[in-house]
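Asks: Structure for the following, please:
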Amino acid sequence: MSIGIFDSGVGGLTVYKTISEYFPKLDMYYLGDTARVPYGNKSPETVISYSLECAGFLVKNFRIDTIVIACNTASSYAIDAIKKQFGVNVIGVVEPGAKSAVAVTHNNRIGVIGTRATVRSESYVKALKALKPDVQVYQTACPLFVPIVEEMLIETDVAKQVVQMYLSELAGSGIDTLILGCTHYPLLKGRILEKFPHFNIVDSSQAVLECIKELKIPTEQSGIREIYLTDESPAFETLKNVLAGGLQSKKVAL
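Replies: Residues are numbered from 1 along each chain as shown. Next up is the predicted model:
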């Protein structure tokens, strides 16, 4: 059996990389729906439809034991539909991230950054409140973070200025913990900590890894690594050496 990971684009490769490094012999298949990225500005119905197609591609073509939804927007809207339709283990990024944040906060003030759709869904607010009803949650959409990562502008003054612009108000609210509610954002972790070193940063890819460990699925396989995209992606070409070990992608139609 193997793990299938999908995202609306290439940001989910941060999750892929974390799992791949920890389980070097696990068979892994990644699908980025680059023809229809981003999901963050789509309706919930469209996100669910696209997500079912992505999960279906992985289940039908490979011996998938577990699906990881490496997309916060898809995790916010489509996880229940995928569980119902495919009958395999399904791990999203929202609940693991919320669980980690509740475990590390000291003052019960947690910030969440993500796409507009993730923030609008209040999926993290609901997950955090379910775990700890008295927690205070502060959210901010950070739409410029994705292009900064995909253009590899991480080390520039532009990145530093945008981090300051988006996160100053959150810092002023007194949060001590920040959930990176988009799988692109871990690449900006260093820039965030430069400006706000007191934040406990929650990277959902690490939280997802812990969930996979808990499943106790067989991980001693052939170490297959395959990456599929639904369209050409300049962002993948930019990030593949950093996140995908230099692997080439294969183009598929859903």
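
Asks: for the lowest-mean-pLDDT helix or strand in the chain, the distance to its chain's centre please.
Replies: Least confident element among the helices and strands of the chain, by mean pLDDT, DSSP states H and E: helix 116-121 (a mean of 88). Computed by C-alpha atoms, centre = their mean, to the nearest Å, the chain-centroid distance of helix 116-121 equals 14 Å.

Asks: ok, now stretch 31-51?
Replies: The answer for stretch 31-51 is 14 Å, by C-alpha atoms, centre = their mean.

Asks: got it, and stretch 207-220?
Replies: On C-alpha atoms, centre = their mean, the centre of stretch 207-220 falls 16 Å from that of its chain.

Asks: can you check stretch 156-168 too?
Replies: With C-alpha atoms, centre = their mean, you get 21 Å for stretch 156-168.

Asks: Which of the three states applies to the spatially most central residue of the chain?
Replies: Nearest residue to the geometric centre of the chain (C-alpha atoms, centre = their mean): Thr183, 3.3 Å. Here Thr183 is recorded as coil under DSSP: H, G, I helix; E, B strand; the rest coil.

Asks: i'd like the first residue to be 203 from this point on
Replies: OK, 203 is where the count begins now, so the last one is Thr385.

Asks: so it sits right up against Ser406, yeah?
Replies: Yes - counting by C-beta atoms under 8 Å, Thr385 does reach Ser406; the two are 6.9 Å apart. (Glycine included, C-beta is placed from N, CA and C.)

Asks: any shared contact partners between the two?
Replies: Counting by C-beta atoms under 8 Å, 6 or more residues apart in numbering, the contacts common to Thr385 and Ser406 are Val217, Asn274, Val295.

Asks: Do me a favour and get the end-to-end distance for stretch 438-456?
Replies: 19 Å (C-alpha to C-alpha, to the nearest Å).

Asks: contact partners of the helix or strand following the least confident helix or strand of the chain?
Replies: Moving toward the C-terminus from helix 318-323, the next helix or strand (DSSP states H and E) is helix 325-333. With contact meaning C-beta under 8 Å, 6+ apart, helix 325-333 is reached by 274, 277-279, 296-297, 299-301, 303-304, 312, 314, 316, 320, 337, 339, 341, 381, 383.

Asks: Dump the C-alpha coordinates for helix 325-333 into CSV.
Replies: Output of helix 325-333 as CSV, limited to C-alpha atoms (Å, rounded to 0.1, in the frame of the first residue of the first chain):
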residue,chain,number,x,y,z
SER,A,325,-12.3,25.6,9.6
TYR,A,326,-9.4,26.3,12.0
VAL,A,327,-11.6,28.3,14.4
LYS,A,328,-14.0,25.4,14.6
ALA,A,329,-11.3,22.8,15.0
LEU,A,330,-9.5,24.8,17.7
LYS,A,331,-12.7,25.6,19.6
ALA,A,332,-13.7,21.9,19.5
LEU,A,333,-10.4,21.0,21.2
